[in-house]
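Undergrad: No sequence on hand, only this structure:
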């Protein structure tokens, strides 16, 4: 199973989400590919993700993850807790430190959902922190130094012992992401 985990205020309908789904459908048509729309509440999002992972494990499926931004943060937690391999795209390292600036009303442009970010969400997100990566062989981390949302150096520091691709320039969306999908899938062992 490949689980694609989108970022904060995003969706499977984001450009990365659509490109990933098309690539997997074309190159890995038999792969179980899951790309859920996450609830805006972090605890509900993780409950959904853990349920999908546990169902896959019960079915004897290998676990693989692609996580973008906050989705990369969630994917780190899942891969460390349950096993499997993860590709992280400009992952959030300490997203709970950023939540203060988002507290209040939010609008998801992909789903047209209006919702509230509460102070509790900050603490809920912090519960899923993987402060230390104990299984560095499980991670391929793709970063662009021009990320305008997250400081890529935090991810370099956290994931220094993992496979890293750091590109100069770019932005938070990871410009040229589609060109990395073959390498990502090779790392995830999807060709086996």
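TA: Now that the structure is in, tell me what you want to look at. Note that the structure is predicted; figures quoted are calculated from it, not measured.

Undergrad: What residues are bridge-paired with residue 105?
TA: residue 116 (DSSP bridges).

Undergrad: Find the nearest non-adjacent residue to residue 142, please.
TA: In space, and not counting its chain neighbours, residue 142 is closest to residue 165: 4.8 Å by Cβ to Cβ, 6 or more residues apart in numbering. Bear in mind the C-beta positions are built from the backbone N, C-alpha and C, glycine included.

Undergrad: Can you list the low-confidence ranges for this structure?
TA: 191-192 (pLDDT under 70).

Undergrad: Can you verify my assumption that residue 180 contacts residue 165?
TA: Yes: counting by Cβ atoms under 8 Å, residue 180 touches residue 165, with 7.3 Å between them.

Undergrad: shared neighbours, those two?
TA: residue 142 (Cβ atoms under 8 Å, 6 or more residues apart in numbering).

Undergrad: What does the residue most central in space within the chain show for phi and psi?
TA: Centroid check for the chain by Cα atoms, centre = their mean gives residue 67 as the closest residue, at 1.7 Å. Main-chain dihedrals, residue 67, degrees, to the nearest 10: phi -130, psi 130.

Undergrad: which residues pair with it across the strands?
TA: Here residue 67, judged by DSSP bridges, has bridge partners residue 5, residue 88.

Undergrad: Which elements pack onto the helix ranked longest in the chain?
TA: Identified as the longest helix of the chain according to DSSP state H is helix 42-58. Helices and strands touching helix 42-58, by 3 or more Cβ pairs under 8 Å, 6 or more residues apart in numbering; DSSP states H and E, are strand 2-5, helix 70-82, helix 119-126.

Undergrad: Output the ones you listed as a markdown table; include the columns mean neighbour count.
TA: As requested, the helices and strands packed on helix 42-58 are exported to a markdown table (neighbours: other Cβ atoms under 10 Å):
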| stretch | mean neighbour count |
| --- | --- |
| strand 2-5 | 25 |
| helix 70-82 | 24 |
| helix 119-126 | 16 |
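
Undergrad: Reformat those as JSON lines; add distance to residue 42.
TA: Output for the helices and strands packed on helix 42-58, formatted as JSON lines (distance: least, Cβ to Cβ, whole Å):
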{"stretch": "strand 2-5", "distance to residue 42": "12"}
{"stretch": "helix 70-82", "distance to residue 42": "8"}
{"stretch": "helix 119-126", "distance to residue 42": "4"}
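
Undergrad: Of all these, which one is nearest residue 143?
TA: helix 70-82 (10.0 Å; Cβ to Cβ).

Undergrad: helices and strands around the closest one, which ones?
TA: By 3+ Cβ pairs under 8 Å, 6+ apart, helix 70-82 packs against strand 2-5, helix 42-58, strand 64-68, strand 85-89, strand 139-144.
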